[in-house]
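**Q** 3D, please:
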Amino acid sequence: MRRRRQLVASIASLTLLGLGGGFAAVWLSNTRVQERHLDQALIRQAREEAREVAATGEEKLMFSGRPGPRANDVGPLTKYAALYAADGQVLAQTTSFEGAAPARLAARRPPSSRPFNMWHRATHLRAVWTEVPSRANMLLLLAAPRTDLDSDEAFLGRAMLIAFGVAFAWALAVSAWLVGRFTRGYELVANVAHAVASGDLTARVPGSHEDPELAQIARDVNHMIERLGALLSSHRLFIAHAAHELRSPLTALYGELSHALRRERDAETYRAMIAEALESTRRLRTLTEDLLALARLSSDVDAEPRSAVELDQVLERVALDVKAEADSRKVRIELARTPARVLARALDLERLFRNLFENAVRHAPSGSSVQVTLETDREHVVRVLNQGPAIPAGDIERIFEPFVRGPNEAAEGHSGAGLGLAIARRIALNHHGTLELTQGRTSGVELVVKLPAYAEG
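**A** Modelled structure (predicted):
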């Protein structure tokens, strides 16, 4: 509402300035035209009167009996004329001055002899000075009432003031209506945004709008609210899963320590209990590190800058790190090494492929191999193929969600929390790449990572 009032006030101010300036210009122009016509008539008649005075003798200084000037459709006007000597003495005057022509007015004559306004008692006059030909220092003052001109100016001013008031009121009403109509949809968006900010994620902006831009804004806002709702639901689910996963090792650790303290035991028994507690602690630490890593990667906040990384060397280091676990499971890691370079955070990249290699080793049958290939072109493609059991089509995308385990992990005794592939995909996305799972070309499961190639310079 405040923004609407500000917009209406702005339009009203512009209208006020525009209409006011326009009406003032018209009034001033009309007044100047009328005044110019009177001035031209005054100057013309003043020169005629001066010539006639010059033609008379010194002893017969007098004015002609012709009436005053005629201006436009008004006239003839009453003539006010006076003749002045060099010392300001009034030599002759018309009866209209009633014997009281302005004294010593000649000393204040405008240098340019342009028409000017003056008052004679209560009469407003328009006057002009002119020199009398062949009469040294003799001046003639000719004036005419501007009563009709003043009346026309006043009438036009009142009429324009009324028209201005009506036009301004109409413009204000129309602008208020238009602003209200055009901002009604935006007000709905603002109300929905306020409702969402207050916690109501069911609020939606109505989608039927005549303005296509407003309709697009409504769709975008509704989509944003849906995304926000999904994000909050995912966040709550993540917290619930994290609490559940953390509770299991904590409960085991608490039970083991409590059981160890119930009665005296021999050293061997204590050693076994401490080993079990240490294993629970290890699981707890691993889970905590994975949770922190996923939270960091989801916000992509990391002080470590990205640099050129040799992708083939990263794969070789990760294969060496995972070799011990692969040997214990009698699984071979076959790496086809091809030189390739990417712009990445080296530690994040190593974590990505370690998670993929460990996942492949744990699901590969004993005596089989995990085949890793690297293809280079406009982008680098790393394929990690194991001969493990196939993943049902409906579970392919779900296994990349946090805390989701593969359908065969529980049966095979894997104790992971289901964060490895979620972390791996997040790292790939943060590096403008992708991580997908497909069924192997012949058999097994294949994890495919695509990363943009490093461009020099």
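**Q** C-alpha only now, for contacts and for neighbours.
**A** Fine.
**Q** how about the helices in this protein?
**A** 2-55, 147-197, 212-261, 267-299, 311-328, 346-363, 409-412, 420-430 (DSSP state H).
**Q** I'd like these as JSON lines, with distance to Thr123 appended.
**A** Formatted as JSON lines, those follow (distance: least, CA to CA, whole Å):
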{"stretch": "helix 2-55", "distance to Thr123": "16"}
{"stretch": "helix 147-197", "distance to Thr123": "8"}
{"stretch": "helix 212-261", "distance to Thr123": "66"}
{"stretch": "helix 267-299", "distance to Thr123": "87"}
{"stretch": "helix 311-328", "distance to Thr123": "103"}
{"stretch": "helix 346-363", "distance to Thr123": "98"}
{"stretch": "helix 409-412", "distance to Thr123": "113"}
{"stretch": "helix 420-430", "distance to Thr123": "91"}
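**Q** ok, now how distant is the residue lying closest to Pro115 once chain neighbours are set aside from Glu52?
**A** Leaving aside its sequence neighbours, Pro115 sits nearest to Val128 (CA to CA, 6 or more residues apart in numbering; 4.5 Å). To Glu52, Val128 is 17 Å away according to CA to CA, to the nearest Å.
**Q** who has more neighbours, those two?
**A** Val128 (23 against 16; other CA atoms under 10 Å).
**Q** quick one: the more buried one and Glu35, what's the gap?
**A** On the measure of CA to CA, Val128 and Glu35 end up 13 Å apart.
**Q** check Asp348 too.
**A** Taking CA to CA, one finds Asp348 at 88 Å from Glu35.
**Q** in this structure, which helix or strand is least confident?
**A** Every helix and strand of the chain was ranked by mean pLDDT, DSSP states H and E. The lowest is helix 409-412, at a mean of 48.
**Q** quick check: domain ranges of this protein?
**A** 2-154, 212-299, 307-452 (automatic domain parsing).
**Q** including distance to Val196, could those go into TSV?
**A** Shown next, in TSV, are the domains of the chain (distance: least, CA to CA, whole Å):
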stretch	distance to Val196
domain 2-154	20
domain 212-299	8
domain 307-452	27
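**Q** weakest of the ones you listed in terms of mean pLDDT?
**A** Of all the domains of the chain, mean pLDDT reaches its minimum on domain 212-299 (a mean of 73).
**Q** and it, how far out from the chain's middle?
**A** 40 Å (CA atoms, centre = their mean, to the nearest Å).
**Q** about what we covered before: closest to Pro206 out of the domains of the chain?
**A** Checking these against Pro206 by CA to CA gives domain 212-299 as the closest, at 7.0 Å.
**Q** would you check that Leu149 makes contact with Glu35?
**A** Yes - assessed by CA atoms under 8 Å, Leu149 is found in contact with Glu35 at 7.4 Å.
**Q** doesn't Leu201 make contact with Gly229?
**A** Yes - in this structure Gly229 lies within contact range of Leu201 using CA under 8 Å: 6.3 Å.
**Q** count of residues packed around Arg341?
**A** Using other CA under 10 Å, Arg341 has 22 other residues around it.
**Q** quick check: nearest residue in space to it, chain neighbours excluded?
**A** Closest to Arg341 by CA to CA, 6+ apart is Glu310, at 4.5 Å.
**Q** ok, Leu7 next?
**A** Excluding its sequence neighbours, the residue lying closest to Leu7 (CA to CA, 6+ apart) is Val179, at 7.4 Å.
**Q** same question, Tyr270
**A** Ala260 (7.0 Å).
**Q** and what of Arg135?
**A** Ala54 (6.6 Å).
**Q** ok, now which ones touch the closest residue to Ala176 other than its chain neighbours?
**A** Residue nearest to Ala176 in three dimensions, not counting chain neighbours: Val8, with 5.8 Å by CA to CA, 6+ apart. By CA atoms under 8 Å, 6 or more residues apart in numbering, Val8 lies in contact with Leu172, Ser175, Ala176, Val179.
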